[in-house]
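Participant: compute the structure for the input listed below.
(chains A and B)
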Amino acid sequence: MRFAFNEEQEMLRDAIRIALQREAGLDKIRSWVDAADLSPFDAFVVRNAWVGIGVAEELGGQGGGRVEQALMFEELGRAVAPSGVLLAGAGGALGFAARLPGGAEFLREVLDGEGTGVLCVPAGRPADEGALPVQVAGGRLSGVIPMVLEAPGASHLLVPLPSGDGLDLWLVLDGGSEVDIKPRRMIDRTRRFGDVRLQRAKGIRIGRLDRGATRDANAVIALLVAAESLGLARRMLDMTVEYVGQRVQFGVPVASFQAVKHAAAEALVDIEAAHSGVYYAAWALQEGQADGVLHAWIAKAFATEAAVRTADRALLLHGAIGYTWEHELQLFYKRAKLNLELFGSPRSYRERMAEVLALH
Amino acid sequence: MDFRDAAEDAAFRETVRAWLESEVPRLGPAPDKLEERVEWWRPWQRRLYEAGYAGLAWPREYGGRGASVLQQAIFYEECDRVGAPDRLDVIGAGFAGPTLIEHGTAAQKTRFLDRILTGEDLWCQLFSEPGAGSDLAALATRATPDGDGWRIDGQKVWTSAAQVAEYAILLARTGEGERHRGISFFILPMRQPGVDVRPLRQMLGGAEFNEVFLDGAHVPGDLLVGQLGGGWKVAMSTLGYERAAIATGRVNTLRLLDELIALVRDTRGADGLLLGQDAFVRQRLAELYTRMTLQRLTGKRILSTLAEGGAPGPEASTAKLFTTPLVEEICDFALSVIGIEGQEEPADMDPARAKWLRLAYQARGTSIAGGTTFIQRNILAERVLGMPRD
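Facilitator: Numbers count the residues shown, from 1 in each chain, chains lettered A, B, ... in the order given. Now for the predicted structure:
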C-alpha cells in the first residue's frame, strides 16, 4: 500500500501550480470578473490543453487518470481559477461521452480546443439524474434545462436523457435558433451558468450508458468538485495564517491567541481528512475498485462542507477586511459555497450513502 | 498511489488470518476484573510469542519479527476482524520496549525486552503528576542519589494498569531549577515497599487508573535510561510512540459503525416507524460513516508514510483531533437511539448496551489523555502551521 503521489504526479501538480500563478493570478482573475469576461482563462486552458489531462492518449488526451485530474482541480481551487470550462467539458461532457466506444470522437473539437462542451444537466443535482424534462420527437429535443454550468458560449451540448435505468446521450450543437441559452447571474462570478431552452433542436444520439456507467461518470464530477474545494480550503487557510501572523492587536500578532490558533488548527484537521478522502476516491475510481463511487460521494459531501467551514473560519479570522469586496477572500468564500451545491448537495449524497448502508 | 496490499503483505495477511481463525475461537470469554483478565491473557500472549506475532515491528535481534509497520497494521486489522483479545501490553510492547531499544543499555535490553514480549512483565507509565499534566516538564517527583542508585519521592497520577505492572517507566527530577534539563528517565520496579498504588475511580465508577505514591522507592543504579538529566529527550521518544499508536487508531470505528447500523435497523421510533426510515437518522448515520471512512483512510496515509521511512506529516498530528470527537459522537448517537435506558447503571444493563455507555465515557478520557484536545490544537497551530507561541 502506498498513499503518496509518484514523482510524475508531483511534477504535474507543480507545473499546474506555476502556470496558474503566472497566468491566472488573483489580480487577473479579479480583472476578468470585473470585465465579466472569463474568456482569457478559457484561452489559457486551450493553450495548455488541460481538457486532455486525465483523458487517455489514444482518445487524443494527455494521459493520466483521476488522480491527475484531482490534482489539477485541487490546484484550480487553490488559485480560485474559473475552472467551469474544465469541469463542464473534461469532467462532464467528455467524462460521459468517453464511456461509449467512439464517444469521445463526437467531442473531438472540444478536445482540440476548437469548441467548448458542456454537460447539459441542472447543475444543482447529481449529473447521473440526467436532464429530466426534455422530450424527444423525431430526433429533435425540446425542453428547458435550468442552471447548466458553463452553458453560455458552449458549442457542444451533451444532453443525457433518462432511459430505462440508464441515460441516452444526445449531442446538440449550438448555432441555430432552436437552442436558446439565457445566462444566469451568480454571486460567484468566476463561474458561468445559463438556462438552456431547446425548441425542436436537432440532436445526434451517440449511445446509451447504463446505470453503473452513469454513476461512475457522475462520481468523477463529484470527485473533481471535492478536489477543487480541498484546494480552496488549503489556500484560505494559508491566507488566514499569513494574515493573523501580521495583524497586530493588543500589541501582539493575533495569531498568538489560542482562540485564533484553535480555529486554524480545526481547519487543518478538516483539510487533511478531506485530502485522504479525495485522493483515495481518485485512486479507487481510476482502478475501477468496487468502492470508488461510494468514496467519491464521501469526498464530495465532506470536502465541500469542510471548505465551507474553512471559509467561515477564514472570514471570522480576517475580521472586517475579509468581508469587503476588495479582499480576495470573497472569491474563495463564494466558490466554496457554490461548490457545496454543485452537482449534488452533501445531503443528496448522504441520502445515497444511507441507501447503500441499507438502514431498514 | 496504490492501496492494494503488496504481494508479500497479502500473503502475510492470509497466514495471519488462518492462524487467528484457528486460535481465537478456543479462547473463553475475557474476565471483567483486570487482575483476572491479565491471568487469562498471559497464555494467549505466550502463543503469540511462540508463533512469532509478539513484537511484530521490533527488530529481530530483540526478539521481534522485524515486520514493516504495514504488516503490523495488517496483523491488528486481522485481530479486530476475528475479535482477538485486547492488548494488555500496550505500554510495555508499544511504548517502553521501543524506548529501551532506542535508548537502553545492552544489559537493560537483555533483562527486560524478552519478558515484555512473552507477557511475563506488564509495564506502566509514571509521567503525569497532580501538578504536571499538559505541562509535563513541571513535574516535581525527585530522584536523589542513594547508595548505588536513587531514592524516589513524589506522587504520580492517572497511571493505567499500575496495580498489575512489574515495572514502570518513570520521569523524575535529578537537577535543580532547570525545567527540561533537570529530568531523568528511569525504570522503576513496582513491587517494593516504597511504591503505594491506590486505585482512582473514574466518573463512571470503574477503576481504570491509579494514583501512585512514591515514598523512598528505590531505583538501582543500572536502571537509568539515557543520560542523567537527559530524560526529556527519552520521554519525547516514548510520547512519539504513544502518539503514533493513538493516531493509527486503537478503537475500531468500522466495527462501531456496523454495530450502530445494526442497532438502528432493530429500533423503532415513538411513531412506530423504523428508525432507519427517518430522514434525520439517515443523514446523521451517513455523516458518521463518512467521517469513519476518512479517519481510517488517514490512518492508512500515516502508515504509508511511516512504512517508507518518512517522518509523519501533518495528517498524523490531526488524527487524534479527528478521531476522538468521532468516537464520542458515534457512541452518543447509539445512546440516543437507546434512549433513557442507555443511562442506566452499566452493570444492570444489557452488555451490548453497556458497551456503548462505557465507550462513550472512555472516549472522553481519550480526548484528555496523551495531550488534551486543546493542547493538541496548540501543537498543530504552532508546529505545523507555524503560528507564534502565546
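Participant: burial check on B:H180, number of neighbours?
Facilitator: Residues near B:H180, counting by other CB atoms under 10 Å in any protein chain shown, number 15. From N, CA and C alone the C-beta is placed, and that goes for glycine too.
Participant: next: the one 10 residues further on.
Facilitator: As a burial measure, the neighbour count of B:M190 was computed by other CB under 10 Å and equals 22.
Participant: state the distance from it to B:V212.
Facilitator: 8 Å (CB to CB, to the nearest Å).
Participant: same question for A:L224.
Facilitator: Per CB to CB, A:L224 is found 56 Å from B:V212.
Participant: which of the two has more neighbours?
Facilitator: A:L224 (33 against 27).
Participant: would you map out the domains in chain B?
Facilitator: Following automatic domain parsing, one finds the domains of chain B at B:7-87, B:123-230, B:248-384.
Participant: which of these sits closest to chain A?
Facilitator: Closest approach to chain A among these (CB to the nearest CB): domain B:248-384, 3.1 Å.
Participant: other SSEs contacting the longest helix along chain B?
Facilitator: Taking DSSP state H as the criterion, chain B has its longest helix at helix B:279-307. Under the contact criterion of 3 or more CB pairs under 8 Å, 6 or more residues apart in numbering or on different chains; DSSP states H and E, helix B:279-307 touches helix A:258-286, helix A:292-318, helix A:346-356, helix B:69-82, helix B:231-247, helix B:253-265, helix B:314-338.
Participant: need the residues of the stretch 1-150 of chain B near chain A, please.
Facilitator: B:M1, B:D2, B:F3, B:R4, B:D5, B:A6, B:D9, B:L70 (CB under 8 Å from any CB of the partner chain).
Participant: turn the residues you listed into JSON lines, columns for neighbour count, pLDDT and secondary structure.
Facilitator: Below are the residues of the stretch 1-150 of chain B next to chain A laid out as JSON lines (neighbours: other CB atoms under 10 Å in any protein chain shown; pLDDT from 0 to 100; DSSP: H, G, I helix; E, B strand; the rest coil):
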{"residue": "B:M1", "neighbour count": "18", "pLDDT": "88", "secondary structure": "coil"}
{"residue": "B:D2", "neighbour count": "13", "pLDDT": "91", "secondary structure": "strand"}
{"residue": "B:F3", "neighbour count": "16", "pLDDT": "91", "secondary structure": "coil"}
{"residue": "B:R4", "neighbour count": "12", "pLDDT": "90", "secondary structure": "coil"}
{"residue": "B:D5", "neighbour count": "16", "pLDDT": "88", "secondary structure": "coil"}
{"residue": "B:A6", "neighbour count": "15", "pLDDT": "91", "secondary structure": "coil"}
{"residue": "B:D9", "neighbour count": "18", "pLDDT": "94", "secondary structure": "helix"}
{"residue": "B:L70", "neighbour count": "22", "pLDDT": "88", "secondary structure": "helix"}
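Participant: from A:A90, how far off is the residue of the stretch 151-300 of chain A at minimum distance from chain B?
Facilitator: Relative to chain B, the nearest point of the stretch 151-300 of chain A is A:K261 (3.5 Å; CB to the nearest CB). Going from A:K261 to A:A90 by CB to CB gives 39 Å.
Participant: for these two, indicate the residue with more neighbours.
Facilitator: Using other CB under 10 Å, the more surrounded residue of A:K261 and A:A90 is A:A90, with 30 against 26.
Participant: touching the lowest-mean-pLDDT helix or strand in chain B from outside, list them.
Facilitator: Lowest by mean pLDDT, DSSP states H and E among the helices and strands of chain B is helix B:231-247, with a mean of 84. With contact meaning CB atoms under 8 Å, 6 or more residues apart in numbering or on different chains, helix B:231-247 is reached by B:90, B:94-96, B:98-99, B:102-103, B:125, B:127, B:136-137, B:169, B:171-172, B:174, B:180-181, B:183-186, B:225-226, B:299, B:302, B:306, B:312, B:316, B:319-320, B:323, B:366, B:370-371.
Participant: which among the residues you listed end up buried?
Facilitator: B:90, B:94-96, B:98-99, B:103, B:125, B:127, B:136, B:169, B:171-172, B:174, B:183-186, B:225-226, B:299, B:302, B:306, B:312, B:316, B:319-320, B:323, B:366, B:370-371 (16 or more other CB atoms under 10 Å in any protein chain shown).
Participant: what residue of chain A is the furthest out?
Facilitator: Seen from the C-alpha centroid of chain A, the residue lying at the greatest distance (CA atoms, centre = their mean) is A:G251, 42.5 Å away.
Participant: tell me the contacts of it?
Facilitator: Here A:G251 is in contact with no residues (criterion: CB under 8 Å, 6+ apart).
Participant: so what pLDDT did it get?
Facilitator: In this model, A:G251 is scored at 96, pLDDT.
Participant: could you do B:R250 as well?
Facilitator: 67.
Participant: so which strand or helix has the residue nearest the centre of chain A?
Facilitator: Here the mean C-alpha position of chain A is nearest to the C-alpha of A:V225 (CA atoms, centre = their mean), at a distance of 3.6 Å. If you go by DSSP states H and E, A:V225 is part of helix A:211-246.
Participant: hmm, that helix touching chain B?
Facilitator: Yes - for helix A:211-246, a contact with chain B is found by CB under 8 Å from any CB, at A:L237, A:V241, A:V244, A:G245.
Participant: residues contacting the second one?
Facilitator: The contact partners of A:V241, by CB under 8 Å, 6+ apart, come to A:A255, A:A264, B:L385, B:G386, B:M387.
Participant: what about the spatially closest residue to A:E75 that is not a sequence neighbour, how many residues nearby?
Facilitator: Take A:E75 and drop its neighbours on the chain: the residue closest to it by CB to CB, 6 or more residues apart in numbering or on different chains is A:I16, 4.5 Å away. Applying other CB under 10 Å, we find 23 residues neighbouring A:I16.
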